[in-house]
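In: Got a predicted structure here, sequence first:
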Amino acid sequence: MSADPSRLPRPPLPSADWALFLDVDGTLLDFSCTPDGVHVPMDLLGDLRRLHAALGGALALVSGRRLETLDALFSPLQLPAIGLHGLQRRGANDAGHAPPHELASVLAAARDLAAKYPGALVEDKGITLALHWRNAPAAEEPLHEFANSVLIDLPGYALQPGRDVIELRPDGHDKGDGIAALLDTAPFRGRMPVFIGDDYTDEHGFDAVNARHGLSVLVGTRADSAATHALHDPLSVRAWLRDAAHALAPEVAAAT
Ligand SMILES: O=P(O)(O)OC[C@H]1O[C@H](O[C@H]2O[C@H](CO)[C@@H](O)[C@H](O)[C@H]2O)[C@H](O)[C@@H](O)[C@@H]1O
């Protein structure tokens, strides 16, 4: 399916029986030069809080970031969340995902390589590593080659491409699994699932909600996306959320 956002329809405003799943970087938040440099607008926090209440708690963040990072970014909110592309779920025991001992030497080698390309950086997320080249385009190819070459040292690991990043992460779970697991539990169970995301990793989430007759919303443009709807950019997503908060919680929205 073509994913030209000029041809895919905008999502309608939500009903109170929706379960809303939201990717973070490139969807709720504008991209920044570094992972720590993102800005979370105060208005967005207010709209997420209102929507979370209006949807009976059925609003979750679904991100490649760690849960701890999501909580820090969206403080004081602590929303239901899927972290590390489906590997972390709030409340679930993720003790099965201790990093393999080989990861320490891979991390050290990745840092040595990144140091040769000013602006490249390695994000250590515990069991996963993200190799970023947003500020160092010349590092893209070497970081890709490196990631491919060390996979043999990390049994059970796979590559996760993203926006100016390649990640090394344990295989076997994805954002679709995470969304499906939440949909099996209260308060998400029985609701119409809607997922908004922008990246390759979000296609798993699109497949999961499409399989349940939900809505999948691509942010931006990408060929071969499974998304059924589109919004232009994170600014459009935040405006849609603002309208949604007004529509679902008008009396509260008007008071804040
Ligand atoms: O699943 P997401 O919530 O979209 O997270 C995906 C990755 O996002 C972050 O990296 C991206 O955003 C950075 C900040 O804007 C940007 O500098 C980088 O180029 C992007 O790839 C985050 O750092 C990763 O850990 C997430 O997996």
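Out: Thanks, I have the structure now. Only a predicted model underlies this, so the values are computations on that prediction, with no experimental measurement involved.

In: On the three-state scheme, the nearest residue to Leu79 once chain neighbours are set aside is what?
Out: In this structure, Leu79 finds its nearest non-sequential neighbour in Leu61, 5.4 Å apart by C-beta to C-beta, 6 or more residues apart in numbering. In this view, the C-beta of every residue, glycine as well, is placed from N, C-alpha and C. Judged by DSSP: H, G, I helix; E, B strand; the rest coil, the three-state class of Leu61 is strand.

In: Run through the residues that contact Leu61.
Out: Residues near Leu61 by C-beta atoms under 8 Å, 6 or more residues apart in numbering: Leu22, Asp23, Val24, Leu28, Leu70, Phe74, Leu79, Pro80, Ala81, Ile82.

In: Pretty sure the fourth one sits against Leu22.
Out: The reference is to Leu28. Yes - the pair Leu28 / Leu22 is scored as a contact, 5.8 Å apart, by C-beta atoms under 8 Å.

In: The two: which has the busier surroundings?
Out: The neighbour comparison of Leu28 against Leu22 (other C-beta atoms under 10 Å) goes to Leu28, with 26 against 23.

In: Low-confidence regions, this structure specifically.
Out: In the predicted model of the chain, residues 1-6, 91-97, 251-256 satisfy pLDDT under 70.

In: again, 90 this time
Out: Applying pLDDT under 90 to the chain flags the ranges 1-7, 90-101, 172, 221-223, 249-256.

In: For it, which segments are assigned as helices?
Out: Here the chain has its helices, by DSSP state H, at 42-54, 67-73, 102-114, 140-150, 175-183, 202-211, 234-248, 250-255.

In: So is the longest one next to the ligand?
Out: Pointing back at helix 234-248 there. No - residues of helix 234-248 are not located near the ligand by C-beta under 6 Å from any ligand atom, the shortest gap being 9.9 Å.

In: Including mean neighbour count, could the helices of the chain go into JSON lines?
Out: Formatted as JSON lines, the helices of the chain follow (neighbours: other C-beta atoms under 10 Å):
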{"stretch": "helix 42-54", "mean neighbour count": "18"}
{"stretch": "helix 67-73", "mean neighbour count": "18"}
{"stretch": "helix 102-114", "mean neighbour count": "16"}
{"stretch": "helix 140-150", "mean neighbour count": "16"}
{"stretch": "helix 175-183", "mean neighbour count": "22"}
{"stretch": "helix 202-211", "mean neighbour count": "23"}
{"stretch": "helix 234-248", "mean neighbour count": "19"}
{"stretch": "helix 250-255", "mean neighbour count": "11"}
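
In: Ok, which of the ones you listed comes nearest Thr221?
Out: Closest approach to Thr221 among the helices of the chain is made by helix 234-248 (12.5 Å; C-beta to C-beta).

In: is any part of stretch 198-208 close to the ligand?
Out: Yes - using C-beta under 6 Å from any ligand atom, we find that stretch 198-208 touches the ligand at Asp199, Thr201.

In: contacts for that stretch?
Out: With contact meaning C-beta under 8 Å, 6+ apart, stretch 198-208 is reached by 21, 23, 25-27, 62, 64, 85-86, 160-163, 174-180, 183, 193, 195, 197, 216, 218-220, 225-228.

In: and Ser216, how far is that from the ligand?
Out: In this view, Ser216 and the ligand are 15 Å apart by C-beta to the nearest ligand atom, to the nearest Å.

In: What is the burial count for that residue?
Out: 27.

In: Show me the beta-bridge partners of it.
Out: Beta-bridge pairing of Ser216 under DSSP bridges involves Phe195.

In: where does it sit relative to Ala227, distance-wise?
Out: Counting by C-beta to C-beta, to the nearest Å, the separation of Ser216 from Ala227 is 4 Å.
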